[in-house]
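Engineer: Output the structure for:
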Amino acid sequence: MTILTEAEEAAIIAFRRHTLLPLDDCLYALQPSIPHLTRSALHRCLQRHGISRLPDVEGDKPKRSKFKHYPIGFFHIDIAEVQTAEGKLYGAVA
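Structural biologist: Residues are numbered from 1 along each chain as shown. Here you go, the predicted model:
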């Protein structure tokens with residue numbers, strides 16, 4: 001079990017709030033200055049302070065839309081064009 005000092009926790013919290021890096025990136029960046037820091041200890045520390053999840057960034061995820069409703073017996077087919085070094089490939093997905 002890793003026990004973090006108040007100073008170490010303060011450094012972790014300040015680092016996470018300033019950089020907004022994912023958990024593993026924070027771990028690799030902080031380990032040189034806090035050698036006994038483990039991934040689970042870091043995660044527990046971030047959870048205690050309510051910053052274990054990064055905030056959602058606008059534009060991160062594509063907007064999802066619902067499929068158009070078709071009567072029974074109809075298929076929805078998407079056609080895609082893929083560029084390769086050899087030329088164009090076309091494909092259909094049902």
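
Engineer: With Pro71 as the reference, measure out to His49.
Structural biologist: If you measure His49 against Pro71 using C-beta to C-beta, to the nearest Å, the figure is 53 Å. The C-beta positions use only the backbone N, C-alpha and C, and glycine is treated the same way.

Engineer: no, scratch that, I was asking about Arg44
Structural biologist: Distance from Arg44 to Pro71, by C-beta to C-beta: 53 Å.

Engineer: any idea how far Pro32 lies from Ala11?
Structural biologist: Using C-beta to C-beta, one gets 12 Å for the distance from Pro32 to Ala11.

Engineer: For the two, indicate the residue with more neighbours.
Structural biologist: Ala11 (15 against 8; other C-beta atoms under 10 Å).

Engineer: what are the phi and psi values for the more buried one?
Structural biologist: Main-chain dihedrals, Ala11, degrees, to the nearest 10: phi -70, psi -40.

Engineer: Next: Asp78.
Structural biologist: The phi/psi pair for Asp78 (degrees, to the nearest 10) is phi -100, psi 140.

Engineer: in the protein, which spans are helices?
Structural biologist: 6-19, 23-30, 39-48 (DSSP state H).

Engineer: Adding mean pLDDT and distance to Asp78, write those helices out as TSV.
Structural biologist: Formatted as TSV, these follow (pLDDT from 0 to 100; distance: least, C-beta to C-beta, whole Å):
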stretch	mean pLDDT	distance to Asp78
helix 6-19	93	39
helix 23-30	94	35
helix 39-48	95	39
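
Engineer: Dump those helices to TSV, plus distance to Phe75.
Structural biologist: Below are the helices of the chain laid out as TSV (distance: least, C-beta to C-beta, whole Å):
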stretch	distance to Phe75
helix 6-19	48
helix 23-30	42
helix 39-48	45
